[in-house]
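1. I'd like to go over a predicted model; first the sequence, then the structure.
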Amino acid sequence: MKLLVLLSICSCLALNAGAEQTPCVSPPLLLGSIAITTKDGNLMSAGQYVYDAGIVYEIDSARSTCKKFAMKSSFHPMRIPTNAKFLSEIILGTTSIPQMGLQITSWEGEDAETKAKYVLTFTDYTCLPVSAVIYSKEFGWMTVGFYNQLLGIQDPMAFVPPALCETAVEENLPTTDFFRALNSKHT
């Protein structure tokens, strides 16, 4: 009898281990904070973000400049690429006390366009980005942390660029990808 129970448990574990995970879909509108560090631990960028894929505004309030770019890359660490490979599902925190743990999933892959390798971590139920570790030959290693996120946008004006962006050209936008947007080295 014990052998039968053991075989049943092993069979269930094997079936679950072999089950293919499907990447979740991140909410279309997010507001939160982001911190990006390099392999040396240097802070590359930090601040708030408002996410709505498609257009990137590079706003430098200190210099009163605004540049507008079309996002050309399919890779962005705020969403799981459809070809990403499932790595694991774990609980951050504890399961001993209800609601004291956060269930997350991790995904890995390589972006065909940029050749960047990545490991992305997302919350399991709401599909919010938690962290990303990314390597590209051009820019090296970077770690991206997402925090203080809000679903949806409480202030619709968050997607209206400041007045200094009114002169940004709408037609024939220069293009950028996630890495160039971070490094301000646009084509």
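-> Alright, I've got the coordinates. Everything numeric here is computed off the predicted structure, so don't read it as measured data. Numbering: from 1, shown residues only.
2. who's in contact with the closest residue to Gly109 other than its chain neighbours?
-> Sequence neighbours aside, Ala84 is the residue nearest to Gly109 in space, at 4.3 Å (criterion: CB to CB, 6 or more residues apart in numbering). For the C-beta atoms, the positions are set from N, CA and C on the backbone; glycine is no exception. Ala84 makes contacts with Pro23, Trp107, Glu108, Gly109, Leu120, as judged by CB atoms under 8 Å, 6 or more residues apart in numbering.
3. show me which pair in these is furthest apart.
-> Maximum pairwise distance in these, criterion CB to CB, is 11.5 Å, between Pro23 and Glu108.
4. more crowded one of these two?
-> Pro23 (19 against 14; other CB atoms under 10 Å).
5. how about the nearest residue to the more buried one, chain neighbours excluded?
-> Ile80 (3.7 Å).
6. the helices in this structure, which residues?
-> Secondary structure of the chain (DSSP state H): helices at 2-18, 178-183.
7. which of those helices has the lowest mean pLDDT?
-> With a mean of 42, helix 2-18 has the lowest mean pLDDT of the helices of the chain.
8. can you pull out the strands in this structure?
-> Along the chain, the segments classed as strands by DSSP state E run 30-38, 43-51, 55-60, 65-71, 85-93, 101-110, 117-123, 129-136, 140-151, 175-176.
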